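Q: No sequence on hand, only this structure:
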């Protein structure tokens, strides 16, 4: 689902309030989708996550609520509310929530 970004241009809004938790699910909401990258909000219920994968471009994760275990290149680390983490291109990564969490994902494509 994509929100109407035109409603939010030059107007502050609360990211965390734009995506709700859903029992046993991962909810995503695309805020902006452009040729150069995407900005997406996620809400993960406890026990949910994203399986190991790679991406051909860098990604930035900002935890808005809760905590996540993010594994990059086989090294797990806990990332908590307020933390930001850069996931480098072409390195395998996965995310898992032992508790529920919300995050902002910014993917930046490069040529």
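A: Everything's here; your move. As the structure is a computational prediction, the values presented were derived from the model and not from experiment.
Q: what are the bridge partners for the nearest residue to residue 28 once chain neighbours are set aside, then?
A: In space, and not counting its chain neighbours, residue 28 is closest to residue 42: 5.1 Å by CB to CB, 6 or more residues apart in numbering. All C-beta atoms are positioned from the backbone trio N, CA, C, and that covers glycine. Residues in a beta bridge with residue 42, per DSSP bridges, are residue 28, residue 103.
Q: quick one: contacts for residue 42?
A: Each residue near residue 42 by CB atoms under 8 Å, 6 or more residues apart in numbering is listed here: 19, 26, 27, 28, 29, 102, 103, 104, 105.
Q: With respect to residue 35, which of the residues you listed is nearest?
A: Nearest to residue 35 among the contacts of residue 42 is residue 105, at 17.1 Å by CB to CB.
Q: Which pLDDT value goes with the closest one?
A: As predicted, residue 105 sits at a pLDDT of 97.
Q: Equivalent analysis for residue 12, please.
A: 79.
Q: tally of neighbours for it?
A: Here the number of neighbours of residue 12 (other CB atoms under 10 Å) works out to 5.
Q: From residue 82, how far out is it?
A: Distance of residue 12 to residue 82, computed by CB to CB, to the nearest Å: 18 Å.
Q: With residue 59 instead?
A: 18 Å.
Q: Next: residue 98.
A: From residue 98 to residue 82 the distance is 18 Å (CB to CB).
Q: tell me the contacts of residue 107?
A: 37, 38, 39, 40, 55, 57, 58, 59, 60.
Q: which other residues reach the lengthiest strand in the chain?
A: Longest strand of the chain, by residue count under DSSP state E: strand 58-72. Outside strand 58-72, the residues within contact range by CB under 8 Å, 6+ apart are 15-16, 41, 44, 49, 52, 76-89, 91-108, 110.
Q: No more questions from me, cheers.
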